[in-house]
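Novice: take this sequence and fold it.
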Amino acid sequence: MHTFVIKRKVSKKFKKFIKISAILLTIFVLFLVWYKYTFSMEVIEERSYNQDSEQESILIVSQGSEFKNKIVDGIINNFEPDGYYLKIVDATTISETKASDWDAILIMHTMEIWQPQADVESFLNAQYDQNKMIVMATSASGEIQMEGIDGFTGASVLEKVDDRVLQFSKLIQSIIEN
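Specialist: Here you go, the predicted structure:
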């Protein structure tokens, strides 16, 4: 009889442990869903400028956010009037890209749950070329970046858009001239 009571107490403790674990796991999963929904990036529409141009080609890979959209618009304003071929694509479509087809590539992505956007990470792991690519990783802290990538990090601070546009435009021009 005594053995039965001990088994019953262990059983109650085990059931309590399972219930608490299930509640904590549910809370964690709900947190991840909320985080992904709140902080995930929009998908941007693909567009091109000066597609038939004989000038150098510039690929801009981005994700949709006010900060990144303003940088993309600034880069377009700096290079489109001079006849450069510009193509803007969403980060989720970068796997279809051959880096060798482009003279300069600007990649702006968000670190999501402390990881780079999956398509960008795969592309950079396979085709990273520091001589033609400029990589910017944004995160809430502005300090998280991919290992092995010589790039820029920062938070999406709208007051710094003009500085980033100028910085990236100079770097793109330098890549094109070399």
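Novice: any idea which helix or strand comes after the least confident helix or strand in the chain by mean pLDDT?
Specialist: Within the chain, confidence by mean pLDDT, DSSP states H and E is lowest for helix 2-39 among all helices and strands, at a mean of 73. The first helix or strand that comes after helix 2-39 along the chain, using DSSP states H and E, is strand 47-49.
Novice: ranges for the helices of the chain?
Specialist: For the chain, applying DSSP state H gives helices covering 2-39, 66-79, 118-127, 161-177.
Novice: got any ranges where this structure has weak pLDDT?
Specialist: Applying pLDDT under 70 to the chain flags residues 1-10, 34-41, 113, 140-146, 148-149.
Novice: distance of the residue nearest the centre of it from residue 62?
Specialist: The centroid of the chain falls nearest to residue 109 when counting by Cα atoms, centre = their mean (2.3 Å). As judged by Cβ to Cβ, to the nearest Å, residue 109 and residue 62 stand 8 Å apart. Where C-beta positions appear, they are placed from N, C-alpha and C, glycine not excepted.
Novice: what of residue 156?
Specialist: Distance from residue 156 to residue 62, counting by Cβ to Cβ: 12 Å.
Novice: then residue 31?
Specialist: 27 Å.
Novice: those two - which one has more neighbours?
Specialist: residue 62 (24 against 10; other Cβ atoms under 10 Å).
Novice: I figured residue 115 hits residue 137, correct?
Specialist: No: using Cβ atoms under 8 Å, residue 115 is not in contact with residue 137; the gap is 10.4 Å.
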